[in-house]
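K.L.:
okay, predicted coordinates and the sequence, questions at the end:
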Amino acid sequence: MDWLSHLLKLIQISGRLDVRCVYGAPWRVVYDRSKEGEIPYHVVLRGTAFLEVTGVSSQRLTAGDVVLLPHGAAHMLHDGSGEPPAEVRKRETMSLTISENNGIGNRLDMLCGHFLLAASHDRLIRDYLPPRLIVRAGGAQLSNLTSLMRTEASLDSLGGHAMLDALSAALFALTLRLSSESGEAPAGLLALASQSRLAPALTAMFRTPTYPWTLPELAGLCNMSRATFARHFQDKIGRSASDLLMDVRMTMAINELKTSASVETVAEAVGYQSVAAFVRTFKQRNGMTPAAWRKSKLE
């Protein structure tokens, strides 16, 4: 499998479509900081919207654009008029909530939901993806997927809720893929994957994370010197290759600890020959020993 498929299998993410917003101006929706393990997303099906995130410049979104907030930041979307929003009314369907108003002008049609991942997998997403991720309209794959989501959101048919959740999960994978292929890939894993010279090392670490990779070996896969590889890796991802490899292994360990496997078996399964070294690293990353982590999840 490719590195992204390995990542998605590792973190086991799911999706939820919460509300469909159909507004005329003036309108505004405000979101508090998300709960741990939640990543909000928005899909603009029609019209325009302005995204505001504290500390980041405002972004104009148009039909077909998708935005994710991997760090769960509080944010606001609005029509750009600066006027107080019109009163909204909500109605429930079998699949989702529809929020509407009596505003005027070109109407917005927007899907809002969130992705869910286990709190124990949170680090691998929040530490290695940018705080704001926008994929612009234009590609056939994204257009087809969002069109299918629009259709399902309109039908209110049997099984529609499950279909929309499944399509939401697919949206996460497609958004990451398109971002990594973009010439303007943001910082983190996606920026790293977009660099053809560094991609072999990323693929190797996700494909065989239990192998005792050394910096010279990873640099050799990329046909770089050790110093050049380390510098480029740090510049693109903000962390060292050993940090990423360690976080991948710890995420694997958490998945293994959810089974009945012993700590010794888990340590071996994620590439540690020394149980003591595994326990020490796990505690450093998670604030408790593997045994204590497992006990806390059973209580």
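P.N.:
Arrived safely, thanks for sending.

K.L.:
now name the helix or strand holding Met76.
P.N.:
strand 75-78 (DSSP states H and E).

K.L.:
now do the strands in the stretch 51-200 of the chain.
P.N.:
56-62, 66-68, 75-78, 88-92, 97-101, 104-116, 133-135 (DSSP state E, counting those that start in this stretch).

K.L.:
what about Arg207, distance to Gln12?
P.N.:
For Arg207, the distance to Gln12 equals 18 Å [C-beta to C-beta, to the nearest Å]. For every residue, glycine as well, the C-beta is placed using N, CA and C.

K.L.:
what of Tyr31?
P.N.:
Applying C-beta to C-beta to Tyr31 and Gln12 gives a distance of 24 Å.

K.L.:
for the two, indicate the residue with more neighbours.
P.N.:
Tyr31 (17 against 13; other C-beta atoms under 10 Å).

K.L.:
the more buried one: what's it in contact with?
P.N.:
Contact partners of Tyr31, counting by C-beta atoms under 8 Å, 6 or more residues apart in numbering, are 40, 74-76.

K.L.:
could these go into a markdown table alongside neighbour count?
P.N.:
A markdown table is the format used below for these (neighbours: other C-beta atoms under 10 Å):
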| residue | neighbour count |
| --- | --- |
| Pro40 | 20 |
| Ala74 | 14 |
| His75 | 22 |
| Met76 | 14 |
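
K.L.:
closest one to Glu92 out of these, please.
P.N.:
Pro40 (20.3 Å; C-beta to C-beta).

K.L.:
which helix or which strand is home to the closest one?
P.N.:
Taking DSSP H and E as the definition, one finds Pro40 inside strand 38-46.

K.L.:
buried residues in that strand?
P.N.:
Within strand 38-46, the residues that count as buried by 16 or more other C-beta atoms under 10 Å are 38-45.

K.L.:
from the residues you listed, pick the one nearest Gly188.
P.N.:
Ile39 (13.8 Å).

K.L.:
excluding chain neighbours, what is closest to that closest one?
P.N.:
Phe115 (4.3 Å; C-beta to C-beta, 6 or more residues apart in numbering).

K.L.:
residue ranges with poor pLDDT in the stretch 1-150 of the chain?
P.N.:
For the stretch 1-150 of the chain, the stretches flagged by pLDDT under 70 are 119.
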